[in-house]
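[1] pasting the structure only:
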């Protein structure tokens, strides 16, 4: 390389670095959009709408929640993967939409297209039925019904490749029975059909089911966590029902497009941590069965990498197939 070309490239690199620094120092320069890749009313939507006003106060710019449901979360994830890497468009997601779904169907993104901002919350998974359904007075009755009607008992979930979907497949293996698993475009539509009597049960995040449980429209039969959830102290775990080797929870976090400057990621992580430290935010999450779980971007990245390895192993074993 001659001296002139070297100087040209060096100057270009310096200007690029200066532009990145200037961009980070002026961040945020406009409203921030939190893309929720599922319908309103679901777990991720609840988490996003709880965080938005708190992050808005910290960042000094409007934080808007935008639901982009479709393709099991792939639609919203694709929009963020293709968004400018300036920190103004973020994805609120579980690990599954980013690592499991691409193993089940063709997506235009992969995990490398995103940069972790931080973990936000974990939420218990719960099996719910219509409160007036006399067939299922408890979890034992539901499990007996499923075993007596292989492949006929319908159980809805939030969408292909979601934590709920994977948990249902794992539950089938653990219990050695067959379900009629029905995907929806989010937890909320699944619950609407459950209340309407279109499905027998739904496996959902407690955060989105909690209002319906509290209103009496739905009845919680079991949680999938190792211990009973403080929000539902009278509801047994599946382990108590005999599935001793099975448990599952879901995690929600924030991600930015790959290539977002480190300084902006750090600013977003700091805002997320401050939001999660607010007592009102922690209380709101606890009321709907979620627990605030602030983390660094690196820690969230490690979680995503672990889930990615697990998803690849499940795919190789032939367990991840689109319904």
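    Nice, thanks for sending it over. Quick caveat, the model's predicted, so the values are computed rather than measured.
[2] going forward, measure contacts between C-alpha atoms and count neighbours the same way
    Noted.
[3] Kindly report the domain assignment for the chain.
    Residue ranges for the structural domains of the chain, counted by automatic domain parsing, are given in the record as 28-123+251-316, 124-249.
[4] CSV please, covering those and showing mean pLDDT.
    Rendered in CSV, the data for the domains of the chain read as follows (pLDDT from 0 to 100):
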stretch, mean pLDDT
domain 28-123+251-316, 94
domain 124-249, 92
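[5] would you list these in TSV and tack on mean neighbour count?
    Rendered in TSV, the data for these read as follows (neighbours: other Cα atoms under 10 Å):
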stretch	mean neighbour count
domain 28-123+251-316	21
domain 124-249	20
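[6] check contacts around the residue nearest the centre of the chain.
    Using Cα atoms, centre = their mean, the residue of the chain that lies closest to the mean C-alpha position is residue 94, 2.7 Å off. For residue 94, the residues meeting the contact criterion (Cα atoms under 8 Å, 6 or more residues apart in numbering) are 44, 162, 163, 250, 251, 252, 253.
[7] Is residue 126 bridged to anything, and to what?
    On DSSP bridges, the residues paired with residue 126 through beta bridges are residue 204, residue 223.
[8] Distance-wise, check it relative to residue 120.
    Distance of residue 126 to residue 120, given as Cα to Cα, to the nearest Å: 20 Å.
[9] show me the contacts for the closest residue to residue 221 other than its chain neighbours.
    Closest residue to residue 221 in three dimensions, ignoring its sequence neighbours and counting by Cα to Cα, 6 or more residues apart in numbering: residue 139, at 5.0 Å. If a contact means Cα under 8 Å, 6+ apart, then residue 139 has 221, 222, 241 as its contacts.
[10] Check residue 100 too.
    If a contact means Cα under 8 Å, 6+ apart, then residue 100 has 161, 162, 308, 311, 312, 320 as its contacts.
[11] swap in residue 28?
    Remark: with contacts taken as Cα under 8 Å, 6+ apart, residue 28 is in contact with 59, 60, 61, 87, 88.
[12] quick check, nearest of these to residue 258?
    Of all these, the one with the least separation from residue 258 (Cα to Cα) is residue 87, at 10.0 Å.
[13] The closest one in helix, strand or coil?
    For residue 87, the reduced secondary structure class is coil; criterion used: DSSP: H, G, I helix; E, B strand; the rest coil.
[14] Now the phi/psi pair for it, please.
    phi 80, psi 0 (degrees, to the nearest 10).
[15] can I assume it is in contact with residue 263?
    No - taking Cα atoms under 8 Å as the definition, residue 87 is not a contact partner of residue 263, at 10.0 Å.
[16] Pull up the overlap in contacts between these two.
    Overlap between the contact sets of residue 87 and residue 263, as judged by Cα under 8 Å, 6+ apart, is nil.
[17] what helix or strand is residue 270 on?
    For residue 270, the element it lies in under DSSP states H and E is helix 262-277.
[18] swap in residue 197?
    According to DSSP H and E, residue 197 maps onto no helix or strand at all.
[19] Identify the residues contacting it.
    Under the criterion of Cα under 8 Å, 6+ apart, the neighbours of residue 197 are residue 130.
[20] Next, find the distance separating it from residue 310.
    Counting by Cα to Cα, the gap from residue 197 to residue 310 is 35 Å.
[21] Ok, residue 137 next?
    When distance is defined by Cα to Cα, residue 137 is 35 Å away from residue 310.
[22] With residue 144 instead?
    30 Å.
[23] Same question for residue 236.
    For residue 236, the distance to residue 310 under the criterion Cα to Cα works out to 27 Å.
[24] now swap in residue 245 and tell me
    17 Å.
[25] Just the helices from the stretch 101-250 of the chain, written as ranges.
    Under the criterion DSSP state H, counting those that start in this stretch, the stretch 101-250 of the chain contains helices at 101-104, 139-148, 163-175, 187-195, 206-215.
[26] Could you dump the ones you listed into a markdown table with distance to residue 275 added?
    Supplementary listing: the helices of the stretch 101-250 of the chain in a markdown table, determined by distance: least, Cα to Cα, whole Å:
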| stretch | distance to residue 275 |
| --- | --- |
| helix 101-104 | 29 |
| helix 139-148 | 37 |
| helix 163-175 | 25 |
| helix 187-195 | 25 |
| helix 206-215 | 18 |
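[27] This completes my enquiry, with thanks.
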